[in-house]
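**Q** Sharing a model prediction with you, sequence too.
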Amino acid sequence: MIEKIPIIDEHPSAEIPIDGLVSRLIQAGEQQFVFMEFETDTEVALHSHEAQWGVVLDGEMELTIGKQVLFLKKGDTYYINKGELHSAKIKAGYKDLTLFNQKDRYKTQSDT
């Protein structure tokens, strides 16, 4: 699970329908930051949305943007243009901080 850091934990979980994902949503004006940690290997289907930037905090991910395949690890960053089709294969233990150029990309969910 995401390391217990009060300044992050005070934020609500994001409502993201991916099994094994632990997240924290930080609303930043017209954009959203999401801390994500994957507890299991996960595949994210091909999709598109507003622009997205991310930095890998730990673990590994294979990210396909259009026809380009990126193998990302700790310290790597990525950028996906608005409307660009992309998919991912994410390994258990992967953690990142992602910025979505969209104020309402995700809603919050109550922690129970």
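**A** Happy to help now that I have it. Numbering: from 1, shown residues only.
**Q** Which residue ranges of the protein form strands?
**A** Under the criterion DSSP state E, the chain carries strands at the ranges 13-14, 21-28, 31-38, 42-47, 52-58, 60-65, 68-73, 77-80, 86-90, 95-100, 108-109.
**Q** Those strands: lowest mean pLDDT?
**A** Among those, strand 108-109 carries the lowest mean pLDDT, a mean of 86.
**Q** now it, how far from the centre of its chain.
**A** 15 Å (CA atoms, centre = their mean, to the nearest Å).
**Q** Show me what it pairs with in its sheet, parallel or antiparallel.
**A** strand 13-14 (antiparallel) (DSSP bridges).
**Q** Contact partners for the nearest residue to residue 70 once chain neighbours are set aside?
**A** Nearest non-adjacent residue to residue 70, counting by CB to CB, 6 or more residues apart in numbering: residue 63, 4.6 Å away. Every residue, glycine included, has its C-beta placed from N, CA and C. Residues near residue 63 by CB atoms under 8 Å, 6 or more residues apart in numbering: 69, 70, 72, 78, 86, 87, 88.
**Q** Can you give me the distance of residue 63 to residue 15?
**A** 22 Å (CB to CB, to the nearest Å).
**Q** And for residue 76?
**A** For residue 76 relative to residue 15 (CB to CB), the value is 27 Å.
**Q** Could you check which of these two has the larger neighbour count?
**A** Taking other CB atoms under 10 Å, residue 76 and residue 15 do not tie; residue 76 has more neighbours (15 against 12).
**Q** from what I can see residue 91 touches residue 59, true?
**A** Yes - counting by CB atoms under 8 Å, residue 91 touches residue 59, with 5.5 Å between them.
**Q** Show me the common contact partners of those two, please.
**A** Contacts common to residue 91 and residue 59, judged by CB under 8 Å, 6+ apart, are residue 38.
**Q** So which of the two has more stuff around it?
**A** More neighbours surround residue 59 than the other of residue 91 and residue 59, with 17 against 14 (other CB under 10 Å).
**Q** show me what contacts the more buried one?
**A** Here residue 59 is in contact with 38, 73, 74, 90, 91, 92, 93, 94, 95 (CB under 8 Å, 6+ apart).
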